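1. Structure here, sequence nowhere to be found:
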């Protein structure tokens, strides 16, 4: 009996200590006057029903943002950690641009990433090393470099159209239903394979190719991967000691060996191909040249190694594989439900086809299509590729608006979240935000840039935004030219409610009906 009493006593002490530890940080927002909901022990303000897919997390985030419409910021406890969400446009501009030197870094939240090759990727680098890498990579993403890579992307778009045409052949009505997540994932896979890894892969014909299969495994969100991510957030040191990573090391090693072999082959055989590996190899050579030519008195520059190059390729893979495919799913979904918009876009595409006079579409022609640009931007407004971005404060600073009124006092170590999805769905920023209206982006109307952030904000925005826009426009041009997009029987009529949990896909998939225009 005495043993049971001792056991129960120890267990009670452990439970009390666990409770104290779980709520130890929950006074931060109250002390600083940051509006917030009352947190639950250990889980904070994370909607548990969202983790299990019972509510729309996107809708929950938008509603929370509206709830604090009178506050420039509001707080959320993610498990034990406090995050400050910024909703005031002037404050966003201060954090992202004007006072950028105080908010250079992203939050180092993916502890498992810091132990992998991805710690050298642009999104993970910090302070001076990030600035160096950004300067090294920027020349690889200019308009002239995108023009060079356009033919590679255009070839993938044409293969995507050919696949649909082949599926339509058995149909007497020239109509077919397709699930677009699978379709656009294969397109994005082919683009990232050819642009970032130098491989020509037709995933529409070779359904189960290794690059596609491993890519899907890496980007798939599973309950186990979510559990590991939460454990990393709660117990980063323990997870490091146990060497448990969210990313599968075997799959990452596949891409590592792929890039290394490609670089070795090209160096030995002097192969040049207009893709990202070639541009990064050029950047590496330029950095080596800069290091040789710098004077002893000049500032030290770090070398651009093969690992640095590989890390950027992996980053482009993760960005291109999921973000592009999801963006295209949402965009074509909106086009099928908005036939007036689709018809007007088709008219512009036909006009461009006439101007080409039988010649292939060019990068210059594509980028000058005003209505296509408006349609794509509205798709990115309603369904942004990233639902939030963040900044970490490196030094205490008081932030004032143009009238000298203090908006917020940021402290060293603060994690400031900019809720992009919520800002894009706030009626204060966009009239009737749930409607799909490309006219918002007409030249004579203009959009408030501080709250339209599909690719982030300021110097730390997405370096590959030109490439992303080129991919989106290229495949949309080809699809609308050849097919009329119609709602299918399984097409969701309310995506925001049908996207449950943290997965950005409706429960029944993205279904569209394709009807040949010929």
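-> Arrived safely. Predicted model only: the values in this text are computed from it and were never measured. Numbers count the residues shown, from 1 in each chain.
2. in the stretch 1-150 of the chain, which segments are predicted with low confidence?
-> Along the stretch 1-150 of the chain, segments meeting pLDDT under 70 span 1, 109-116.
3. got it, and the chain?
-> 1, 109-116, 218-240, 242-249, 295-302.
4. hmm, try it at 50
-> The chain contains residues with pLDDT under 50 at 110-114, 296-298, 300.
5. all strands of it, in order?
-> Applying DSSP state E to the chain gives strands spanning 35-36, 73-78, 81-86, 175-179, 389-392, 397-400, 406-410, 415-418, 483-487, 511-516.
6. what number of residues lie near residue 144?
-> 8 (other CB atoms under 10 Å). Using the backbone N, CA and C atoms, a C-beta is placed for each residue, glycine as well.
7. which stretch among the strands of the chain comes nearest residue 498?
-> Ranking the strands of the chain by proximity to residue 498 (CB to CB) places strand 511-516 first, at 11.4 Å.
8. what comes into contact with the closest one?
-> Strand 511-516 has contacts (CB atoms under 8 Å, 6 or more residues apart in numbering) with 164-165, 167-168, 173-180, 332-333, 336, 482-492.
9. Make TSV from the strands of the chain and add distance to residue 453 to it.
-> Supplementary listing: those in TSV, determined by distance: least, CB to CB, whole Å:
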stretch	distance to residue 453
strand 35-36	22
strand 73-78	16
strand 81-86	11
strand 175-179	30
strand 389-392	7
strand 397-400	18
strand 406-410	18
strand 415-418	7
strand 483-487	27
strand 511-516	28
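10. Which of those sits closest to residue 363?
-> Checked against CB to CB, the stretch from these lying closest is strand 483-487, at 22.8 Å.
11. tell me what the closest one is packed against?
-> Applying 3 or more CB pairs under 8 Å, 6 or more residues apart in numbering; DSSP states H and E, we find strand 483-487 packed against helix 325-337, helix 339-356, strand 511-516.
12. Out of those, indicate the one that is most buried.
-> Stretch with highest mean neighbour count among these: helix 325-337 (a mean of 23; mean count of other CB atoms under 10 Å).
13. how far is that helix from where the chain is centred?
-> Centre-to-centre, helix 325-337 and its host chain are 16 Å apart (CA atoms, centre = their mean, to the nearest Å).
14. and that helix, what does it pack onto?
-> Looks like helix 325-337 contacts helix 180-196, helix 339-356, helix 370-382, helix 465-482, strand 483-487, strand 511-516 (3+ CB pairs under 8 Å, 6+ apart).
15. Residue 305: which of those is closest?
-> When the helices and strands packed on helix 325-337 are compared (using CB to CB), the closest one is helix 180-196, at 17.8 Å.
16. how far away is residue 105 from residue 307?
-> Residue 105 sits 20 Å away from residue 307, going by CB to CB, to the nearest Å.
17. what about the two, which has more around it?
-> Of the pair residue 105 and residue 307, residue 105 is the one with more neighbours under other CB under 10 Å, namely 16 against 13.
18. May I have the distance across stretch 319-332, first residue to last?
-> Start and end residues of stretch 319-332 are separated by 19 Å (CA to CA, to the nearest Å).
19. quick one: contacts of that stretch?
-> Residues contacting stretch 319-332 (CB under 8 Å, 6+ apart): 180-181, 184-185, 187-189, 191-192, 195-196, 215, 218-219, 375-376, 379-380, 382-383, 385-386, 462, 464, 468, 471-472, 475-476, 479, 485, 495, 504-505, 510, 512.
20. again with stretch 350-357
-> With contacts defined as CB under 8 Å, 6+ apart, stretch 350-357 is touched by 361-362, 365, 369, 481.
21. Can you give me the buried ones in the longest helix seen in the chain?
-> The residue-count maximum for a helix in the chain (DSSP state H) belongs to helix 143-168. Judged by neighbour count using 16 or more other CB atoms under 10 Å, the buried positions of helix 143-168 are 145-147, 149-150, 152-161, 163-165, 168.
22. again, but for stretch 446-460
-> 450-458, 460.
23. cool, and stretch 60-75?
-> For stretch 60-75, by 16+ other CB under 10 Å, it's 61-62, 64-65, 68, 71-75.
24. Report the separation between the two terminal residues of that stretch.
-> 14 Å.
25. do the same with stretch 352-372
-> Here the two ends of stretch 352-372 are set 11 Å apart, with distance taken as CA to CA.
26. thinking again about what came up before, if you rank the contacts of stretch 350-357 by neighbours, which is first?
-> The contacts of stretch 350-357, ranked by neighbours (other CB under 10 Å): first place residue 361, 22 neighbours.
27. Phi and psi next, for that residue.
-> Dihedral pair for residue 361: phi -60, psi 140, per degrees, to the nearest 10.
28. pretty sure it is touching residue 481, no?
-> No: between residue 361 and residue 481 there is no contact under CB atoms under 8 Å: 9.1 Å.
29. how much space is there between the nearest residue to residue 462 once chain neighbours are set aside and residue 87?
-> Setting aside the residues directly before and after it, residue 462 is nearest to residue 455 in space (CB to CB, 6 or more residues apart in numbering), at 3.9 Å. To residue 87, residue 455 is 19 Å away according to CB to CB.
30. residues in contact with the closest residue to residue 148 other than its chain neighbours?
-> Leaving aside its sequence neighbours, residue 148 sits nearest to residue 274 (CB to CB, 6+ apart; 4.4 Å). Listed by CB under 8 Å, 6+ apart, the contact set of residue 274 reads 148-149, 151-152.
31. how near is residue 274 to residue 265?
-> For residue 274 relative to residue 265 (CB to CB), the value is 16 Å.
32. again, but for residue 443
-> 47 Å.
33. Next, count neighbours for residue 174.
-> Under the neighbour criterion other CB under 10 Å, residue 174 is assigned a count of 14.
34. and it, what does it touch?
-> If a contact means CB under 8 Å, 6+ apart, then residue 174 has 168, 515-516, 518 as its contacts.
35. Check the spacing between it and residue 134 real quick.
-> In terms of CB to CB, residue 174 sits 48 Å off from residue 134.
36. Now for the nearest residue to residue 316 once chain neighbours are set aside, how many residues are close by?
-> Residue nearest to residue 316 in three dimensions, not counting chain neighbours: residue 196, with 4.4 Å by CB to CB, 6+ apart. When counting by other CB under 10 Å, one arrives at 26 neighbours for residue 196.
37. do the same with residue 20
-> Neighbourhood size, residue 20 [other CB under 10 Å]: 10.
38. ok, residue 440 - contacts?
-> 374, 378, 381, 430, 447 are the contacts of residue 440 under CB under 8 Å, 6+ apart.
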